[in-house]
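[1] I would like the atomic coordinates for the input below:
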Amino acid sequence: MNNSRILIVDDEPEICRLVQEILEDEGYTVRTAENASVARQTREEFDPDLILLDIWMPDTDGITLLKEWVDSETSLPAVVMMSGHGNVETAVEAIRYGAYDFLEKPLSLAKLIVTVERALQATELRTENIDLRRQLEPATDLIGNSEAMQNLREQIERVAQSESWVLISGKPGSGKEVAARQIHKLSPRANAKFVVVNLAAIPAENIAVQMFGAEKDGHVTTGSFEQARGGTLFLDEIADLDLETQAKLAGALEEHRFLRVGGSTPVDLNVRVIAATNRQLDEEVRDKRFREDLYYRLNVVPINIPPLRQRPEDIASLVEYFLRWLVDDEKLPYRKFGTQALNTLRQHSWPGNVRELKNLLQRLLILNRGEEVGSSEIEQAIGRRLTADEQTGYTGDWDLPLREARDQFERSYLEYHLKKVAGNVSELANVAGMERTHLYRKLKTLNINPKLSRG
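    Numbers count the residues shown, from 1 in each chain. Next up, the predicted model:
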């Protein structure tokens, strides 16, 4: 049975009904939306693998909605456009903006099914290629012969053979996901999926559905626990999880089963959970921001990734490893790093850890100022980097968790523009490029009262 999810967006109810019946007969899970507004909301809740999008709709046309999604999303499902007034120019424009294909109405049953199958196959292949490339990127190995790295590798080899939950701690860029992948690679679950969920990058209201899936009106959306069935689920930045979802996760780990959001039938849990954080979870527990029972359940086997500044003797091995990858895979010109250059690298504090080193090496190869990299060039590259504030224009607290920093920025942005428009929410919606209903929800969430900005 095909478990792919398809969203049909068309203002003609009969078209929606007909296409839904056809696709459900083929085994797909299908939802419909009659306009752009409903489509936006349904897409967030349903998380489709494919969208069939009508071009001519009364409120917001399909091309405009496609552009909106392409401009605002880093990962867009496959989109197939539909129109009864199709022409070559429209089809070209849709595909130029990221649509997979274009179907003319009246729809051909055979062409509809074939196009849907091919679009889903293309999406699956693209996802597999991204996953494969991510696994091949450096570093997917724990590089270095320092005592700290030797101890880490030995610990990972021992941990990998058990089924215990693992909690990995370490500074950003130190290699927490690399360690998690190594555990999976050496475990009995190595032939199954390794699924990554970056909790800091998901809005709080969507995390539960992302992890546990959802059931609504007989439709099922699978979450990360089911997607990783038989394999390993890596929960990155676990400290960003809200308390309500923490409670649900703790219950799932204790009972080895869980309920999808809105569901009533328990789903068996068959994954190994590896969590990671760059914060001190014991302090989060003490300050009541993290559940104590979840902390002890995850912290069965704690692993700490040493920061790069504590193992400068590994710099030479890391440079050699990254150079080989950048030259062979990225086709950048080779440049030699002599003793003085390596010593300069060893003396740097590396606040961004291994990730920062890789990015620096890549930049030095791209600049290509001669066959050998000198100490002065490294010092210049390190010393002239802009501060985070200068790079982004953001002057808030950089030590905040991502979600809190985002809220802080959004609050400052909206309050600034509210003053400029004298508290007029309609004008603010135009300035921010948001629908008023969504904007009102955002203002309420951030506890902003537009009336206070009126003259």
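
[2] Now for the closest residue to residue 313 other than its chain neighbours: which residues touch it?
    Leaving aside its sequence neighbours, residue 313 sits nearest to residue 146 (CB to CB, 6 or more residues apart in numbering; 4.9 Å). C-betas here are computed from N, CA, C, even on glycine. Contacts of residue 146 were listed using CB atoms under 8 Å, 6 or more residues apart in numbering, and they are 311, 313, 314.

[3] Only whichever of those residues are buried, select them in ChimeraX.
    Typed into ChimeraX, the line below selects the buried ones among these, using 16 or more other CB atoms under 10 Å:
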select :311,314
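
[4] Please dump the contacts of residue 146 into TSV; it should also carry distance to residue 168, secondary structure and pLDDT for every row.
    Formatted as TSV, the contacts of residue 146 follow (distance: CB to CB, whole Å; DSSP: H, G, I helix; E, B strand; the rest coil; pLDDT from 0 to 100):
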residue	distance to residue 168	secondary structure	pLDDT
311	17	coil	93
313	22	helix	94
314	18	helix	94
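
[5] Make JSON lines out of the contacts of residue 146 and add distance to residue 265.
    Output for the contacts of residue 146, formatted as JSON lines (distance: CB to CB, whole Å):
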{"residue": "311", "distance to residue 265": "49"}
{"residue": "313", "distance to residue 265": "54"}
{"residue": "314", "distance to residue 265": "50"}
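
[6] and which of the contacts of residue 146 is nearest to residue 414?
    residue 311 (44.1 Å; CB to CB).

[7] Provide a list of residues in contact with that closest one.
    By CB under 8 Å, 6+ apart, the contact list for residue 311 reads 144, 146, 148, 149.

[8] Report how many residues lie close to the first one.
    Here the neighbour count serves as a burial measure; for residue 144 (other CB atoms under 10 Å) it reads 24.

[9] what's the closest non-adjacent residue to it?
    residue 314 (3.1 Å).

[10] what does residue 221 give?
    Residue 221 sits nearest to residue 214 (CB to CB, 6+ apart), 4.5 Å away.

[11] Next one: that neighbour from residue 158, what distance?
    The gap separating residue 214 from residue 158 is 38 Å, by CB to CB, to the nearest Å.

[12] ok, now residue 307?
    From residue 307 across to residue 158, the span is 23 Å (CB to CB).

[13] quick one: which of the two has more around it?
    When neighbours are counted by other CB under 10 Å, residue 307 comes out ahead of the other of residue 307 and residue 158, with 20 against 11.

[14] quick one: contacts for the more buried one?
    Residue 307 is in contact with 170, 171, 174, 350, 353, counting by CB under 8 Å, 6+ apart.

[15] buried set for stretch 418-427?
    For stretch 418-427, a neighbour-count test (16+ other CB under 10 Å) marks 418, 421, 423, 425 as buried.
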